Structure formats: C-alpha cells, structure tokens
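Visitor: fold the following and give me the result.
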Amino acid sequence: MKNHLTLIRLLVLLSVVGCRRDLDIADLPDGSDSVVDSSTGLTDLDTDTDADSDGDIDVDTDLGLGPAIPMDCSDCPSDGHTLDAMRCAVDLCDAAIVSHNAITSPMTFDMGCTLDDTWAAVEHFGHPANDLAPRRGDSYALLATGGANNANLSHTDICSNGLAQDTESADTATDSNGDSDSSTEMVNWPLISMTDPWDFRADTPLLIYDVVEWTLTLTAPENARAFSLKYVFFSAEYDDFISSPFNNKFYILLNAPQTTGGRDKVINYTDCRDPDQYFDFTGEGCNTLSGYCCYVAINSALSDCCWYPFGSPFAPNPNAASCPGDPPADNTNIAGTGFTCASNSFVDSAASGSSTGWLMTAWPIAPGETFTLTFHIHDTNDAQFDSEVLLDSFSFHEDIDEDGGTIPIE
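Guide: Down below sits the predicted model:
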C-alpha cells in the first residue's frame, strides 16, 4: 500500500513554504463566449461530429479551431522504438516540418530504468477494450517518469541518479616534475533532483525527479494559425496525494519568437480540483471559475476521481463523501495500464492511480513560424510513484477563435 509512505510525505510537507497568491501569469483563454463549462471555467463547450475535418473521432471544436491542415501519413512508421516512429505516432507525418526531434533528460538514468525505457510508440496502451484507442491513425506516443510500457504494469521506477552535465571540482595534483599544483577535473555529482523552473507557488520551488523531455522544433505551414494535441495524463499519485505538493506534472512548453516572445511558456493548465488546498498560480491571466489555476497533474480539476476526499490526509474534510459530482462509473476506462482506480484509501497501492481522461490543448501560432515544443514530465517531491502521458493527434489548424487552452474531449 501507498499508505506507509504517506506519513513520511506529511513530514516532508512541514518544510514546504506557503503559497503566494499574487502572481501574474501570461494570459489563459479569454472566455469571452456566453457559455461557461462548470468543470473547467472555459467557454464555448459544445458537441460536434468532427466539425474541424481533421479525420479523428472526437469532439474538438470547443476552442473555435478551424479546419485541420492535412498531412500525408501513408509512408510514416507509426510504431517501433525510434524517434521517427514517435513523430509519426502523434501524426506529425510531414518530416519537412520537423527540424529537431530528441528525447533527453537533465539527469542520468542509470538506476531502475534507462532513458530509452521512458518512451515508446505503441498501437494501444492497456487492455484492447479500454477507452484508449488512437484518436487518429493506428498508434500514439507514450512518455513516462519510469518504464513507459512495463509488462508488469509497475509504476514505481526510480530512474535518475545524478545530473547529466559534469561539474568542475577543485583538485590537487602532482605533475611529472614532482610539483603540487592546483587543477580542476570534471566530476558527476550524485544528485537526483533539481528545482522545478515553473513552480511559482512557494518561495522555495519544489524538487523534481526523473525528468523526461521530448523536444521538437517545428515550422508551421503558411496557412496555419494554431495547433492542437490530444493526450491523457496518468499517475500512480492518484488519489492518495490530491491536494498535496506530491504532484507529478506534465508540461507542454512552447517557445516561439513571435507567439511567446522567444521564452518558454507552459500552455496546458486548468482549474484546480480543490484550490483552497492546492493551486499552481493565480492573478492576471488565470480566469478559471475558482480564480486559481493548476497545471495538468493530479490536482487538475480535469481528473477522474476514484475515492477522494474520503479518508485522505490532505483533504480539508476527509469525512466528506467520495467523488462528489464525479461518479467513478463515468471515468475513462484505462484498464490494463496499471493506473486504474482503487476503491478506497485503504487498498490504494502503487499498482493503482487514475487519469485525466482525454484532453486537448490548442494554442495560436504565427503562419510560417519556426518554434520549439517540449513535452516535459517529472515526479515532484520524490521519485516514488511514476506518471505517464499518452500523446496523439497533433494538428495544425487554419484558425482559432479563442486564445488557446485545455479542455476535456469525449
């Protein structure tokens, strides 16, 4: 059970500095339409039948996306352990659009898994009858803080053991003439964590572990004004650590000379599940119903509930009924992934968890702009329990009515 680690994590929380509620973050979706979805705070939530003509099977005109710009995927390898297969698995089929494609980590993965273990292009994740069929084509990409497709469904890999870059260290050496002199040598310090550069909620940023980043440099077509991506975030941290800073995260980072002014910007965030207990940022640019914003993680409001808050040591009222307004029967079926719900806090284990269900993030881009997109996933506060993201159905679009955002899709 995960419960034996909860006390340890509670002790760690005593050192976490309180939240700041005065942050100014770049604009979220402007929410100018008249219909507001109560679960997300986003607007213009409708149902359609592939009205954006992108050829996939879901509801995705909620952010006013124009038609998808077609790409020919007929000669694109869609599975296998290559970076080309990863590119094709998310339907970036035109190789001319992609000028850089790399999966890296600032840490050295040499313990419970290797960096190669953390990614895969697959035809299906989990049981074939679950709700994780590819949205377009016949495959998708997986990225994880442990093994991405472990046969034993284990999600407790501790992989990183030190920063990948070497560090200078003073040394005293004796050269060939017998003199002692001062010199330096390159060493690899045994560090397994780093601070989260996008953690603004505390005076001291939280430590992150098992960082994996997939970075793509893309050039938008001349008729493109937006892009979108579908995905599902999974975590073994559900539901034990909701409302706590043990909050593994998935960032979509955009860096574009025109669109973001040449700086990294996290473009996927939502309302918070329990903002009185946990939020990532607030202030100008956060226009959710609660006034507080959370990145895509276990504290996102766009999470399938299992049993929280009943019995949770982090809930303000641990005696409250489980999953108010969100019965588990409505959850996305993720059978066979190793992240399925536990029925209560007493049986929750490292072989259980939950997910966000299918989400879509869309964002504007300038026509013809060359930009960098980084899919970043990490463990927060420790490396005990893993998280994973399934990525699919990247599209460029001819138009977008909103400023961009993240929404649930059917």
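Visitor: Asn333: neighbouring residues, count only.
Guide: Neighbours of Asn333 under the rule other Cβ atoms under 10 Å: 16. (Glycine included, C-beta is placed from N, CA and C.)
Visitor: which SS class is it?
Guide: Secondary structure, DSSP: H, G, I helix; E, B strand; the rest coil: Asn333 is coil.
Visitor: pretty sure it is touching Phe125, no?
Guide: No - assessed by Cβ atoms under 8 Å, Asn333 is found out of contact with Phe125, at 11.8 Å.
Visitor: list residues touching both of these two?
Guide: Leu132 (Cβ atoms under 8 Å, 6 or more residues apart in numbering).
Visitor: three-state assignment of the residue most central in space within the chain?
Guide: Note on the chain: the residue nearest the mean C-alpha position is Phe250, at 1.7 Å, using Cα atoms, centre = their mean. What three-state DSSP gives for Phe250 is strand.
Visitor: okay, and the beta partners of it?
Guide: Assessed by DSSP bridges, Phe250 has beta-bridge partners Val296, Ile377.
Visitor: ok, Ile97 touching Leu218?
Guide: Yes - counting by Cβ under 8 Å, Ile97 touches Leu218, with 5.5 Å between them.
Visitor: more neighbours: which of these two?
Guide: Between Ile97 and Leu218, counted using other Cβ under 10 Å, Leu218 has the larger neighbour count: 24 against 19.
Visitor: in three-state terms, label the more buried one for me.
Guide: Going by three-state DSSP: Leu218 is strand.
Visitor: contacting residues around it?
Guide: Taking Cβ under 8 Å, 6+ apart as the test, what Leu218 contacts is Leu92, Ile97, Val98, Ser99, Thr370, Phe371, Thr372, Leu373.
Visitor: which of these count as buried?
Guide: When those are checked for burial by 16 or more other Cβ atoms under 10 Å, the buried set is Leu92, Ile97, Val98, Phe371, Thr372, Leu373.
Visitor: from those, which is closest to Ala226?
Guide: Phe371 (12.1 Å; Cβ to Cβ).
Visitor: now the residue lying closest to that closest one once chain neighbours are set aside: phi and psi?
Guide: Nearest non-adjacent residue to Phe371, counting by Cβ to Cβ, 6 or more residues apart in numbering: Ala256, 3.6 Å away. Torsion angles at Ala256 (phi, psi; degrees, to the nearest 10) stand at phi -140, psi 130.
Visitor: hmm, Gly262 and Ala256 touching each other?
Guide: Yes - if you go by Cβ under 8 Å, Ala256 and Gly262 touch, sitting 7.5 Å apart.
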